[in-house]
Every structure is written in C-alpha cells, then in structure tokens.
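**Q** here is a sequence together with a model predicted from it:
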Amino acid sequence: MSTPLAEAATPLFEVFVRSKQGLDHKHVGSLHASDARHALTLARDVYTRRQEGVSIWVVPSNAITASDPALKSDNFDPMASKVYRHPTFYDIPDEIGHM
Amino acid sequence: MYTQALDTAINANTTTVTVDSFQKTFLERIARDEKIEPQDAMPEAYRKTLVRQISQHAHSEIVGMLPEGGWITRAPSLKRKEILLAKVQDEGGHGLYLYSAAETLGVTRESLVDALHSGKAKYSSIFNYPTESWADIGIIGWLVDGAAIMNQVPLCRCSYGPYARAMIRICKEESFHQRQGFDIVRSLCEGTPAQKALAQDSVNRWWWPTLMMFGPHDSDSPNTEQATDWGIKRISNDDLRQKFVDVTVPQAKFLGLTLPDTAIAWNAERGHYDFGKIDWDEFWRVVKGDGPCNAERVADRVTAFDDGRWVREADAAHAAKVALRNAQVTATV
Ligand SMILES: [Fe+2]
Ligand SMILES: [Fe+2]
C-alpha cells in the first residue's frame, strides 16, 4: 500500500500578499512549486480564495537571508537606550500646540 | 532525555549555558507569551511534539476532504454543490498551511506524505466514518467542523509562531464551514418528514464520534501537562468537550433534533450539561486503524497521489524547459 514519493522535491517559495492597493506586501506563508510562475498560480489558489489580496510576490525561500536570532540582543537592544530618536522624548510647551 | 541536536544547538551559541538553564530560559520565554520562531533554539522534545501534532493536523485536513468529496457530484442543487466545493477546497488549503508550518521544523513534505500513505501517521479518527447520506454533509459541517473550531481557536495562541499563524488563517475560514453545515441541517429539519428523519439518523451516527474528536479524558492524557507548559495546549480535552456540549445542546433543540444520549441534562450546580459515557473502546479501535473506513481513506489518498503523478511530471518537465529556454535567451543577449 505504501507508495514512496519517486519524484524529487519541488522548490519552496515564500508568499507575500498585498491586501489592498497602497499597502505593503506582507508575508502570508509558503508553498512548493516547480517554478516561480507556477508558485504564483498556486499562491493565488491557496492564499487569496476570499479576495485577501490584489497582488502577490513569490520568492524562492533559499534566496532569503535572515538575521541570526541568537544575535537578537546584539542587533536590536542598543536602540533601546536611544529614546531621543522618538518625538515623545521632547517636551513641547502647551502654548506651542501641535508640532 | 536531551538529544544530541539540542546540545549542539546550545553549544554553538554559548559555552557557559547548561542544558538545564536552556530549558528553564525556554519555559520562561513561553510563560511570557513570547512566540518561538523556526530559527530559535528549542528543546528537541518540543520540536518533535510539534512535528507530530502539526503533521497529524495536516493529514486530518487532507483526509477530511474524502468523506465530503464523494458528495460533491451528488449535492442536491448547484448552490449546495458550489458551497461544498469551496469548503472542500478550503480543507485542502488548511492541509497546505499546516504542512508548511511543519516543514519549518526541519521535516520534508515528502516524508510527511509518505508517513500518511504508509499508514504510519495518524489523523483525526472522525474521518474514518462513512458519509451515508446528504444529511451527513450538513451534520459534518455543523458538528465536526464545530468541534474542530473549539479545538483550533485556542491553538491560535500556540507558542510556535508558524503554527499559530496557520491556525489564525484556518479559524477565519472554519466559521463558514460550520454555518453552511448548520444551514443544510436546518433546511432538512424544516423540510418533509423524510428529510427530517434523514437529519435525525445522521446526528445519531455522528454525535458520539464527534465527542471523541476531543481525545481521551484528561486523566488518560499523560502529555497534556507538558503540552500546557510548552504553550501548545491551552485548554484540556475534557474542558473543550464540555464547552462543545454546552453550545450544541441548545442548537439541537432549536433544530428539533434529539441527541442520542439520554444522560444529557442541565446541571445547575455545575453550570454545564451533563452527558453520558463515551465508548473509549470504539475510539481506540478507530485510532488504531480498525474503524469503518481507515483502509479505504488511506487507499484513496494513495490512488489520488499516484493518479496525479503524470501532472507533477509534466509540470516539472515544463518548468525545466522554460528554465532552459530562459537560459538560452540570456546567453544570446
Ligand atoms: Fe479545516
Ligand atoms: Fe472545516
């Protein structure tokens, strides 16, 4: 009864969908497809069955370079002390109003 | 109990941290409701538990298409046919979201599908029961998808990011499944006596298997505590089952259907409905492969996979041809 998969694995793609004109493409998931064009067709069926998007990007998963989670604090914690980068750091007198 | 893989992962990043303190830090992250992502170091047992649970879940979505798929061509109207097609297509999508989530844990799609086809992998016991009438399609949507929603909503807060995100997507779609089922049952119940009888016969057959979907009693679920500590399980089997009974009894009353359990009665003291004893022998029989349709379901999956081989081969050949043509065009430019 067991039928081992004879064929080679198809490449993995990451799928990004723009939900509305004017918004960013957002990562929604991944899927296997023989090539990018095929991935687009499948992404349409898998991720936009209810008008979730107006545009799709597919990217081969192995083309993505990611930051190392082990270096999370090295990378991002230094910014925690730089509160002066935020407008809320500064006091604006009430008389000035909105700035 | 700590595997080589885990030790390696830790040693790769820091030499001072011990396995125990890693374990502790990991549990603290989960207690803070921090999501665990694919590249994060994680205990090997956590990874294994997730691979098992997510892949079983994926298999359930895929096998779950079979009992309903057979009724697409026999739906009583074009409207019902379109709705059922959309529902079954959703279940296929759910399977894909979940296989993708499982793959982020370092297993291949091929190995997961192989495990299903060889009969090694488990899936929800409910799909090993036959769909004998059109009413079953309504009852499955109303009860089976209803029970699935109960189970799945807490998983949207699961500690593993890719699983939680897949579950959010799935839960958004499940609500339509339950409503379309309820709508089918309702129109049968408001129809001729024969139609109403069809609905009643269907509830009689599906009620108990649906209650079994929540799994063994908490007292017989040794892994619950660990899964709770890991933020994988948020509500226990018995609590979910009780919740399901509590919302379903009034719905059945509205439809004028009798649930096949004389022990069902409101218990004011507990603030819940009491209900009868589940036949756990039947549950284990079906889980272990001896349900009415286990062999048929797996055989159907294997046949579908084999019958689709030429499509995948043609697709791969076409992709190779296009890639070659593109390479030639680039070379001549
Ligand atoms: Fe589903
Ligand atoms: Fe569903």
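**A** Looks like it came in fine. Ligands and ions are numbered 1, 2, ... in the order given.
**Q** contact partners for the residue nearest the centre of chain A?
**A** Central residue of chain A (Cα atoms, centre = their mean): A:H27, 3.2 Å from the mean position. A:H27 makes contacts with A:14-16, as judged by Cβ atoms under 8 Å, 6 or more residues apart in numbering or on different chains. From N, CA and C alone the C-beta is placed, and that goes for glycine too.
**Q** what about it, which SS state?
**A** Three-state call for A:H27 (DSSP: H, G, I helix; E, B strand; the rest coil): strand.
**Q** give me the low-pLDDT residue ranges for chain A?
**A** By pLDDT under 70, the low-scoring segments of chain A are A:1-8.
**Q** buried stuff in the longest helix anywhere in it?
**A** Scanning chain A for the longest helix, with DSSP state H as the assignment, gives helix A:36-47. Neighbour-count burial for helix A:36-47 flags A:38-39, A:42-43, A:46-47 (criterion: 16 or more other Cβ atoms under 10 Å in any protein chain shown).
**Q** filter these down to the ones close to chain B.
**A** Applying Cβ under 8 Å from any Cβ of the partner chain to these, one finds that A:38, A:46 fall near chain B.
**Q** how close does whatever residue of chain A ends up closest to ligand 2 sit to chain B?
**A** Closest residue of chain A to ligand 2, Cβ to the ion: A:R49 (13.1 Å). Counting by Cβ to the nearest Cβ, to the nearest Å, the gap from A:R49 to chain B is 7 Å.
**Q** and if you look at A:L31?
**A** 6 Å.
**Q** what number of residues lie near that residue?
**A** Other residues within reach of A:L31, judged by other Cβ atoms under 10 Å in any protein chain shown, total 24.
**Q** strand partners of whichever strand or helix holds it, parallel vs antiparallel please.
**A** In the assignment (DSSP states H and E), A:L31 maps to strand A:25-32. If you go by DSSP bridges, strand A:25-32 pairs up with strand A:12-18 (antiparallel).
**Q** what residues does chain B have near ligand 2?
**A** Selection of chain B residues close to ligand 2 by Cβ under 5 Å from the ion yields B:145, B:174, B:177.
**Q** and the residue lying closest to B:I139 once chain neighbours are set aside, how many neighbours?
**A** Excluding the flanking residues, the one nearest B:I139 by Cβ to Cβ, 6 or more residues apart in numbering or on different chains is B:S202, at 4.3 Å. Neighbour count of B:S202, defined by other Cβ under 10 Å: 26.
**Q** contacts only, for the spatially closest residue to B:N151 that is not a sequence neighbour.
**A** Distances taken as Cβ to Cβ, 6+ apart place B:L240 nearest to B:N151, at 6.1 Å, with adjacent residues excluded. Going by Cβ under 8 Å, 6+ apart, B:L240 touches B:150-151, B:154, B:214.
**Q** mind checking which of the residues you listed land in helices?
**A** Going by DSSP H, the helices hold B:150-151 from the contacts of B:L240.
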